[in-house]
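A.B. asks: just coords:
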């Protein structure tokens, strides 16, 4: 079985490619010289050499807050137009049996909530969320038109060695002693071990469908802080009361978006945001790895 893997040189790809190679003969497409197809699909239609049984489309723009209109457009150029260009290339060599798209729980547009299911409306309004929503919609039409089985993964916060995003920022803060726990770190977050994406690919390729992807434990900030501090050989971060954090956040509101903390960021830290993985577990027979048992920072 052959698989075309886009975005294989990123964080997700580096941690899943060795596992996927056990299931498939993998070709990679991305921006690095080591990729089998070195092409920027946001600007060009790649010239593929072969038809592939499965496509795993993980290439995309994320982990940044746009500051200009041009940066806003980049999300749609990379995530939406890049997908359209990829699909045009697939039509030239023969469409795959299955197409798996790595989307995001950001499509729900929620900052807090518990055990959110795939049935929740897609109300995400950020450029990142909107670009993912529009890409999902495009792929739904394209796959139906060409008889391709579509699988959409909506991962939560992804963990693994040297993770990007918020988890990477937490590790850096604890390592440098510049991280403060707030109100005991009671809020819970859904997290996904990066390896689980590779474990889900063969299941999705066979069945298709839309699924949240996250662990079942939904660790608290306190549990994540404790785990990271232990692996770094650092003491557990000091905790400050909520009312002190709120005062600091209000001052941050006056400074603007570049403040270390503001009311928006405080809400994200102190309110739980978890997603349900029940559908994937029941329909795909998938059991996610426990993040607190498997996460290693390096």
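C.D. replies: Received it, and whenever you're ready, just let me know what you need. What you are looking at is a predicted structure, and each value in this text was computed from that prediction instead of being measured.

A.B. asks: Residue 48 should be in a strand, yeah?
C.D. replies: No. Looking at residue 48 with DSSP: H, G, I helix; E, B strand; the rest coil, it is coil, so not inside a strand.

A.B. asks: Quick check: it touching residue 91?
C.D. replies: No. Using Cβ atoms under 8 Å as the test, residue 48 is too far from residue 91 to be in contact (10.0 Å). (C-beta placed from N, C-alpha, C; glycine too.)

A.B. asks: So for those two, which residue has more residues nearby?
C.D. replies: Legend: neighbour count by other Cβ atoms under 10 Å for residue 48 and residue 91, higher for residue 48 (20 against 13).

A.B. asks: which residues touch that one?
C.D. replies: 4, 37, 89-90, 92-93 (Cβ atoms under 8 Å, 6 or more residues apart in numbering).

A.B. asks: just curious, which of those residues is nearest to residue 285?
C.D. replies: residue 4 (25.1 Å; Cβ to Cβ).

A.B. asks: That closest one: what secondary structure?
C.D. replies: strand.

A.B. asks: quick one: contacts for it?
C.D. replies: Residue 4 neighbours (Cβ under 8 Å, 6+ apart): 26-29, 48, 52, 54-56, 96.

A.B. asks: neighbour-wise, which of these leads?
C.D. replies: residue 56 (34 neighbours).

A.B. asks: Can I take it that that residue is in a strand?
C.D. replies: Yes. Residue 56 forms part of a strand when assessed by three-state DSSP.

A.B. asks: After the helix of greatest length in the chain, which helix or strand is next?
C.D. replies: For the chain, the longest helix by residue count, based on DSSP state H, is helix 127-146. Remark: after helix 127-146, the chain's next helix or strand is strand 149-155, criterion DSSP states H and E.

A.B. asks: could you point out which element follows that next one?
C.D. replies: Per DSSP H and E, strand 149-155 leads on to strand 157-159 as the next helix or strand towards the C-terminus.

A.B. asks: so what strands line up beside that next one?
C.D. replies: According to DSSP bridges, strand 157-159 has the following sheet partners: strand 191-193 (parallel).

A.B. asks: so the helix or strand following the strand it pairs with versus strand 2-6, what angle?
C.D. replies: Following strand 191-193 in sequence order, the next helix or strand is helix 195-207 (DSSP H and E). For helix 195-207 against strand 2-6, the angle by axes from the mean of the first three to the mean of the last three Cα atoms, to 10 degrees is 130 degrees.
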